[in-house]
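Undergrad: Compute the structure for the input listed below.
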Amino acid sequence: MNQSAEMVKIAAKALEDKKAEDITIIDISEVSVLADYFIIADGSNRNQVQAMADSAEEALGKAGYD
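TA: Numbering: from 1, shown residues only. Predicted coordinates:
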């Protein structure tokens, strides 16, 4: 598995752990030079969305992706 695919898997798992809804992963590697994937997720309120973002960032950091 390539690095980008591993990163998106870790981030999606972190979002699921924070009860994110409607998680969608879009492969944009063919149209973007800046990113390979785009993750869209829904939360029920501002605090939950912030917790989701913090969780994904923390999980990626723990996996060595700073």
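Undergrad: Going by C-alpha atoms from here, please, whenever you check contacts or count neighbours.
TA: Fine.
Undergrad: May I see the buried residues of stretch 28-43?
TA: 37, 41, 43 (16 or more other CA atoms under 10 Å).
Undergrad: do the same with stretch 42-58
TA: Applying 16+ other CA under 10 Å to stretch 42-58 flags 43, 49, 51, 52, 53, 55, 56, 57, 58 as buried.
Undergrad: In contact with the residue most central in space within the chain, which residues?
TA: With distances taken as CA atoms, centre = their mean, the residue of the chain nearest its centroid is residue 11 (3.4 Å). For residue 11, the contacting residues are 56, 57, 59, 60, by CA atoms under 8 Å, 6 or more residues apart in numbering.
Undergrad: Please flag which of these sit within helices.
TA: When those are checked against helices (DSSP state H), the matches are 56, 57, 59, 60.
Undergrad: can you pull the contacts of residue 36?
TA: Per CA under 8 Å, 6+ apart, neighbours of residue 36: 4, 27, 28, 29, 30.
Undergrad: Repeat the analysis, applying 7 Å as the threshold.
TA: Contacts for residue 36 were tallied using CA atoms under 7 Å, 6 or more residues apart in numbering; they are 4, 27, 28, 29.
Undergrad: Out of these, which sit inside helices?
TA: Counting by DSSP H, the members of the contacts of residue 36 that fall within helices are residue 4.
Undergrad: and the contacts of residue 36 as a markdown table, adding pLDDT and distance to residue 21?
TA: Shown next, in a markdown table, are the contacts of residue 36 (pLDDT from 0 to 100; distance: CA to CA, whole Å):
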| residue | pLDDT | distance to residue 21 |
| --- | --- | --- |
| 4 | 93 | 22 |
| 27 | 96 | 19 |
| 28 | 96 | 21 |
| 29 | 92 | 24 |
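Undergrad: want to throw the contacts of residue 36 into CSV with distance to residue 66?
TA: Formatted as CSV, the contacts of residue 36 follow (distance: CA to CA, whole Å):
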residue, distance to residue 66
4, 13
27, 21
28, 21
29, 20
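Undergrad: so which pair among the contacts of residue 36 is furthest apart in space?
TA: Checked with CA to CA, those reach their widest spread between 4 and 28, with 11.3 Å between them.
Undergrad: Would you map the strands across the chain?
TA: Listed in chain order, the strands found in the chain under DSSP state E are 21-27, 37-42.
Undergrad: No more questions from me, cheers.
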